[in-house]
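Q: sequence-free structure coming up:
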Ligand SMILES: [Zn+2]
């Protein structure tokens, strides 16, 4: 990576080959349209060129890259945000206070579609932390660096995001049944 | 531990990041508290399912658009971005091979030719030969020519399995050599060094850096052969992000195999 | 590791579209080397009876001229052309052609004296072709094929998504060689009297040769049982083993690897 910051434009292509798929997944999960995700991936690589002097080679490259990715995503004016969880829960069935039995667990594995929809309905910050930790397999320390918070805070937020995801998941499941 | 404290460990628990002490504390609490146990099971299952969601793959248009823009960028706008070039120190002559290596090679040959019972200082000679092999391997791995570096890898295969310098040079080659063929040969040459912890760590590091699919596959095979179970996060990463279908398939196989 | 360091973006020399440039190797009696490192574009390198490197670039138009005052030339270099095309430099009998990021359709043809060592790398070129070269040849094409014909000396060739076709008229004894691709056929022709130790591996394909190969050890393949849709159990090879062998009594190592494709080793 030091090469781009030293002005080696060509190495951008190597970085592209290495990271564009992961970035694409990040953006698809965050923006939910492929088109926009592809635009944003492209945008990130050219932002890396523009801001390459801000890269500190002693810090992890991916943290820097996702900082740029987040800014790119925030700058992009996004159309109608999907309803946040609190609002969603208010409008729909009561929270899943009754925990599901084992038979419900078994069917859950097969219902990845439902899980995907539940994830899409998570508020942006909760979705992001799950995307970074689960899809991008990032260490919590690294996520903390990207989001600008303590590692401990990241862990708590991962837990809360999982709780929220579960509630939406069950709400969607009930909706489907009824 | 309280329920509140227990839940703070969940994130680490799911991502296999708990240290032994916390793991025990967590299990103790889960054994005693049904509420937390149920929640850990439910959310843990959900966490696993999240990992199983297939990764969306970008269309082929993304790549061609990127390279188009790059070409346009280069031909037009780069005056603003290009910085003064840094000229490297004087380049070495490419074909220059130290005469010493040739001598060493001759020396190794002579060493092989000696019959054991004729030599009173057999063990010393053996050691010298081993040292020479090490030197030859180390010098060849530094050559400009890919063919010479491949020969260095062959020599490394004949080094002593506990030769940490040769191992270090091989790992360096796997991580940093500019030629795919050389990296691939170096991965295969790591098998005899299996017992060293440095090998295991080196393979994991190399895997995350590697972008040639052939070398990725070779590294995955090595992980399975050496039964390196802690490779799971790296393998999952490949399963999701590797561009080549063959690599993803092999990563999946390895994950099953390492369980 | 002593590797040629990248030149950066400053232009040591440059070519116009459809241009041709002749650059001498400084010392006609010392060994020569050509380094080509491109991201986009196909590359052809040909040996000819001459002393200079002749570099031709067939780019489409659409290149802009230099804007503003030209930079002073870097120490020890001279400016050659006037456009924005590949960077070309000569240093110690090593000619380096670096076309960082140029037009997608731009192809490069370079003629050099037959006895020259050649290293070519390209990322998205359709093909890398090297013909009539005697020396150490290294060819790497990420997304296209590699063709090496009428070669003497040694060849190390790799492609990611293309076939690798290599034909040697003469082999320098004792030189290691390697021919690998992830997705494609590996097709290598060697002189009939070549002495070599072969390491062959085709994960999803077969290996053929008309050489008299003395087979050596083979690591066992991994087989997995699978249920087909009709419910039958069938075995699928998930991982092929490496087959070793020797020709003409053995010699320097030659590696043949493909993940998806077959391996052909022809006798010339
Ligand atoms: Zn509890």
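A: That came through fine. These figures come from a predicted structure and were not determined experimentally. Numbers count the residues shown, from 1 in each chain, chains lettered A, B, ... in the order given.

Q: next one: phi and psi at the one residue in the stretch 151-268 of chain C that gets nearest to chain A?
A: For the stretch 151-268 of chain C, the residue closest to chain A is residue C:160, as judged by C-beta to the nearest C-beta, at 9.8 Å. From N, CA and C alone the C-beta is placed, and that goes for glycine too. Per-residue torsions, residue C:160: phi -100, psi -50 (degrees, to the nearest 10).

Q: which element is the spatially closest residue to residue C:167 that is not a sequence neighbour on?
A: Spatial nearest neighbour of residue C:167, chain neighbours left out: residue C:189 (4.0 Å); criterion: C-beta to C-beta, 6 or more residues apart in numbering or on different chains. Per DSSP states H and E, residue C:189 falls inside strand C:186-190.

Q: list the buried residues in that strand.
A: Residues of strand C:186-190 classed as buried: C:186, C:187, C:188, C:189, C:190 (neighbour count, 16 or more other C-beta atoms under 10 Å in any protein chain shown).

Q: all helices of chain A, in order?
A: Using DSSP state H, the helices of chain A run over A:2-5, A:11-31, A:34-50, A:61-75, A:85-91, A:102-108, A:112-121, A:124-130, A:140-147, A:151-177.

Q: nearest to residue C:38, of those?
A: Residue C:38 sits nearest to helix A:11-31 of all these, at 10.6 Å, using C-beta to C-beta.

Q: which elements pack onto that closest one?
A: Under the contact criterion of 3 or more C-beta pairs under 8 Å, 6 or more residues apart in numbering or on different chains; DSSP states H and E, helix A:11-31 touches helix A:2-5, helix A:34-50, helix A:61-75, helix A:124-130, helix B:60-72, helix B:232-241.

Q: can we see that at 6 Å?
A: Using 3 or more C-beta pairs under 6 Å, 6 or more residues apart in numbering or on different chains; DSSP states H and E as the contact test, the elements touching helix A:11-31 are helix A:34-50.

Q: got the angle between the helix it packs on and helix A:11-31?
A: 140 degrees (axes from the mean of the first three to the mean of the last three C-alpha atoms, to 10 degrees).

Q: domain assignment for chain C?
A: Using automatic domain parsing, the domains assigned to chain C come out as C:1-62+C:83-143, C:175-220+C:239-268.

Q: one step back: the residue of the stretch 151-268 of chain C closest to chain A and residue C:182 touch, don't they?
A: Yes: counting by C-beta atoms under 6 Å, residue C:160 does reach residue C:182; the two are 5.1 Å apart.

Q: could you list the low-pLDDT ranges of chain B?
A: By pLDDT under 70, the weakly predicted segments of chain B are B:70-136.

Q: now do 80
A: Scanning chain B for pLDDT under 80 picks out B:60-61, B:64-143, B:158-163, B:195.

Q: which bits of it sit near the ion?
A: B:3, B:33, B:36 (C-beta under 5 Å from the ion).

Q: sorry, back to before: of the buried residues of strand C:186-190, closest to chain B?
A: Among these, residue C:186 lies closest to chain B (C-beta to the nearest C-beta), at 11.2 Å.

Q: can you list the helices of chain A in a markdown table and add mean pLDDT and mean neighbour count?
A: Output for the helices of chain A, formatted as a markdown table (pLDDT from 0 to 100; neighbours: other C-beta atoms under 10 Å in any protein chain shown):
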| stretch | mean pLDDT | mean neighbour count |
| --- | --- | --- |
| helix A:2-5 | 39 | 17 |
| helix A:11-31 | 84 | 21 |
| helix A:34-50 | 83 | 19 |
| helix A:61-75 | 82 | 19 |
| helix A:85-91 | 41 | 13 |
| helix A:102-108 | 47 | 11 |
| helix A:112-121 | 89 | 17 |
| helix A:124-130 | 92 | 20 |
| helix A:140-147 | 89 | 20 |
| helix A:151-177 | 89 | 19 |
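
Q: could you find the closest non-adjacent residue to residue C:241?
A: Excluding the flanking residues, the one nearest residue C:241 by C-beta to C-beta, 6+ apart is residue C:219, at 3.7 Å.

Q: residue A:146 reaches residue A:64, doesn't it?
A: No: at 8.8 Å, residue A:146 and residue A:64 do not qualify as touching, with contact defined as C-beta under 6 Å.

Q: next, residue C:41: phi, psi?
A: Residue C:41 adopts backbone torsions of phi 110, psi 150, taken as degrees, to the nearest 10.

Q: quick one: secondary structure of the nearest residue to residue B:156 once chain neighbours are set aside?
A: Distances taken as C-beta to C-beta, 6+ apart put residue B:137 closest to residue B:156, at 4.2 Å, once the chain neighbours are dropped. Under DSSP: H, G, I helix; E, B strand; the rest coil, the three-state class of residue B:137 is helix.

Q: burial count for residue B:137?
A: When counting by other C-beta atoms under 10 Å in any protein chain shown, one arrives at 24 neighbours for residue B:137.

Q: who's in contact with it?
A: Remark: with contacts taken as C-beta atoms under 6 Å, 6 or more residues apart in numbering or on different chains, residue B:137 is in contact with B:152, B:155, B:156, B:159, B:166.

Q: quick check: end-to-end length of stretch B:49-59?
A: The first residue of stretch B:49-59 is 25 Å away from its last residue (C-alpha to C-alpha, to the nearest Å).

Q: centre of the chain to it, how far?
A: Remark: stretch B:49-59 is offset 24 Å from the chain centroid, using C-alpha atoms, centre = their mean, to the nearest Å.

Q: check whether that stretch contacts chain A.
A: Yes: residues of stretch B:49-59 contacting chain A under C-beta under 6 Å from any C-beta of the partner chain: B:49, B:50, B:53, B:55, B:56, B:58.

Q: among those, which lie within strands?
A: Among these, DSSP state E puts none in strands.

Q: which of the residues you listed sits closest to chain C?
A: Nearest to chain C among these: residue B:58, at 15.6 Å, using C-beta to the nearest C-beta.

Q: for that closest one, list the residues it contacts.
A: Contacts for residue B:58 (C-beta under 6 Å, 6+ apart) come out as residue A:24.

Q: residue A:24 too?
A: For residue A:24, the contact set (C-beta under 6 Å, 6+ apart) comprises A:37, A:41, B:58.

Q: ok, now residue C:246?
A: So, once contact is read as C-beta under 6 Å, 6+ apart, residue C:246 ends up touching C:197, C:214.

Q: and residue A:38, how far is that from residue A:13?
A: From residue A:38 across to residue A:13, the span is 17 Å (C-beta to C-beta, to the nearest Å).
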